Each structure stands twice: as structure tokens, then as C-alpha cells.
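> The amino acid sequence is not available; the structure is as follows:
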């Protein structure tokens, strides 16, 4: 069975028969940019060219910023790593819902969710959020924010 993967750093999509590299239980890394791990997708996913990628741990803290993150927020990796994604990005979902919490708690994808992003020191911007839970023992989340026009 082929598995679909996406790199949170460069957005490269790949297909592979195995979820790990070699005989050890080491997650696959990106063959294009060398990023340390990939997120598995249940369906193929095509991020917009201007999408911003954020990787969070199981507590919702940012552990990695990928393609487009600085352009969307104006914040460097050093200013956001280790901090709660909802606080740093000022995420305000329609209806006050907590899609980050839902994706982390239930391990479900949340796609096409309208959100206002109000990163520290920046003006509020409309975006669409796609959230993908990590399907491994460590938990976590891939958050993809696509700016709206």
C-alpha cells in the first residue's frame, strides 16, 4: 500500500510503501530539502504556493516553521519555537471553535477552516487553516495556513 507524505519545510509531496527509513523505526525525512520528518496524509493534498507551514508538538507548541511562515507572520523561527501556536499566531476561528485542540485531542483532520491570524506585532489577516494530526506515538500537528484575498 502506498502512503502519501508531505514535508512541512518545503511542501514537497512524496509517495512511499513504508513509513520508516530502513530497518529501524526512524521516520522518513524529506528527500528534497533534508527536513527530519514528513507528515502522512490520508488523501493527496495540494497546498497553495503561498501557504505557511507550522509543526506543533502534542501540547500545541510550535516545534518547527516551514515554507511561508515568516512571510505570513513576520516572525522568525527563534521568536516562535516552543510557544503555543494559538498564542503566537493569535488564531481566531469562526464561531470561536478550537480546531487546534480538536485535531490534537481527537486525532482528526480539520480542513478548510476560516481563521483570522493576528501574529504578534502584525495586522490581522484572513486565512484558511488545514490541520493534520501526527499519526505516530509522539502526537503533534501540522498546521497549514493559506492567506485569503
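Structure received. Small disclaimer: the values here were computed from a predicted structure and weren't measured.
> Poorly predicted segments of the chain, please.
For the chain, the stretches with pLDDT under 70 are 1, 17-27, 121.
> what about the strands in it?
Along the chain, counting by DSSP state E, strands occupy 3-6, 13-16, 20-21, 26-27, 39-41, 52-56, 62-65, 92-93, 110-117, 125-133, 141-147.
> Name every strand pairing with the first one and say which way it goes.
Paired neighbours of strand 3-6 in the sheet (DSSP bridges): strand 13-16 (antiparallel), strand 39-41 (antiparallel).
> pretty sure residue 54 is touching residue 65, no?
Yes. The criterion here is CB atoms under 8 Å, and residue 54 meets it with residue 65 at 5.9 Å. From N, CA and C alone the C-beta is placed, and that goes for glycine too.
> residues bridging contact with the two, i.e. touching both?
Contact criterion CB atoms under 8 Å, 6 or more residues apart in numbering; residues shared by residue 54 and residue 65: residue 80.
> so which of the strands of the chain gets nearest residue 72?
Evaluated with CB to CB, the strands of the chain place strand 52-56 nearest to residue 72, the distance being 4.0 Å.
> Quick one: distance of the closest one to the chain centre.
Offset of strand 52-56 from its chain centre (CA atoms, centre = their mean, to the nearest Å): 3 Å.
> so what does that strand touch, helix or strand wise?
Applying 3 or more CB pairs under 8 Å, 6 or more residues apart in numbering; DSSP states H and E, one finds that strand 52-56 makes contact with strand 62-65, helix 69-73, helix 85-89, strand 141-147.
> Give me the contact list for the first one.
To tie it back to what came earlier, the one meant is strand 62-65. Strand 62-65 is contacted from outside by 8-9, 35, 53-57, 77, 80-85, 88, 140, using CB under 8 Å, 6+ apart.
> Now the buried members of the residues you listed.
8-9, 35, 53-57, 80, 85, 88, 140 (16 or more other CB atoms under 10 Å).
> so can I have JSON lines of those residues showing distance to residue 45?
What follows is those, written out as JSON lines (distance: CB to CB, whole Å):
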{"residue": "8", "distance to residue 45": "12"}
{"residue": "9", "distance to residue 45": "15"}
{"residue": "35", "distance to residue 45": "16"}
{"residue": "53", "distance to residue 45": "12"}
{"residue": "54", "distance to residue 45": "15"}
{"residue": "55", "distance to residue 45": "15"}
{"residue": "56", "distance to residue 45": "17"}
{"residue": "57", "distance to residue 45": "21"}
{"residue": "80", "distance to residue 45": "23"}
{"residue": "85", "distance to residue 45": "19"}
{"residue": "88", "distance to residue 45": "24"}
{"residue": "140", "distance to residue 45": "17"}
